[in-house]
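>>> sequence? don't have it. structure:
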């Protein structure tokens, strides 16, 4: 079983393309014969991880790809690192706004994805979809979910997972929900779905993309590994 997740709308926007992309990718993969389901997560610290854990318990997937919106990015972003930090520039959908709070108290500083990001990068690029490997999933609910996923998978041997960010959808920009000057970059949901499907197919056929065998970064290693954790757009 393959599990895809996307988020409900947040920040006053009418839609979240991550959920539309998850649903469309589910359709593409089912048409190709893959067993796959999609679950919508709340854009709420804590609750997103709880819904995700329940889905893992109920579905027992072998592969999990979580998807989130990164408005302002031009490309589909294959996230490499989840950090143990909740730091919200705006409240979540329940009004929570944590500042410098760990996702998991006493957890490792960060986790690497267990998806083969470089192989997936090539697969998405070959499909003609703009794509990049990203070194930061931010510190909002997307990163919270990514970290919660990878932490949970340490107790679920054989299950692999990771996170993919998608840009705004064209409707968001046209409706002014992405009111930036110049207009924010966007990508059709159909292209997002094709990219997610390519990530899934590649992940099922390629070994893990872990940089370290454990997939974790301890505080001392994070400082010396050369992994960039630069600030990104809100996600």
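That came in fine, so what should we check first? Quick caveat: nothing in here was measured; it's all calculated off a predicted structure.

>>> going forward, measure contacts and count neighbours with C-alpha atoms only.
Fine.

>>> same for the biggest helix by length in the chain, what does it pack against?
For the chain, the longest helix by residue count, based on DSSP state H, is helix 189-205. Under the contact criterion of 3 or more Cα pairs under 8 Å, 6 or more residues apart in numbering; DSSP states H and E, helix 189-205 touches helix 17-31, strand 63-69, helix 117-126.

>>> from the ones you listed, which stretch is densest packed?
Ranked by mean neighbour count, the helices and strands packed on helix 189-205 are led by strand 63-69 with a mean of 27 (mean count of other Cα atoms under 10 Å).

>>> Just name whatever secondary elements the following helix or strand past it is in contact with.
Once strand 63-69 ends, the next helix or strand along the chain (criterion: DSSP states H and E) is strand 76-79. Applying 3+ Cα pairs under 8 Å, 6+ apart, one finds that strand 76-79 contacts helix 117-126, strand 131-134, strand 160-166.

>>> So which of those is nearest residue 89?
strand 160-166 (18.1 Å; Cα to Cα).

>>> Contacts made by the closest one with the rest, please.
Contact with strand 160-166 is made by 17-18, 62-71, 73, 75-80, 113-115, 137, 146, 149-150, 153, 187, 192, 196, 208, as judged by Cα atoms under 8 Å, 6 or more residues apart in numbering.

>>> quick one, that strand and helix 117-126 angle?
40 degrees (axes from the mean of the first three to the mean of the last three Cα atoms, to 10 degrees).
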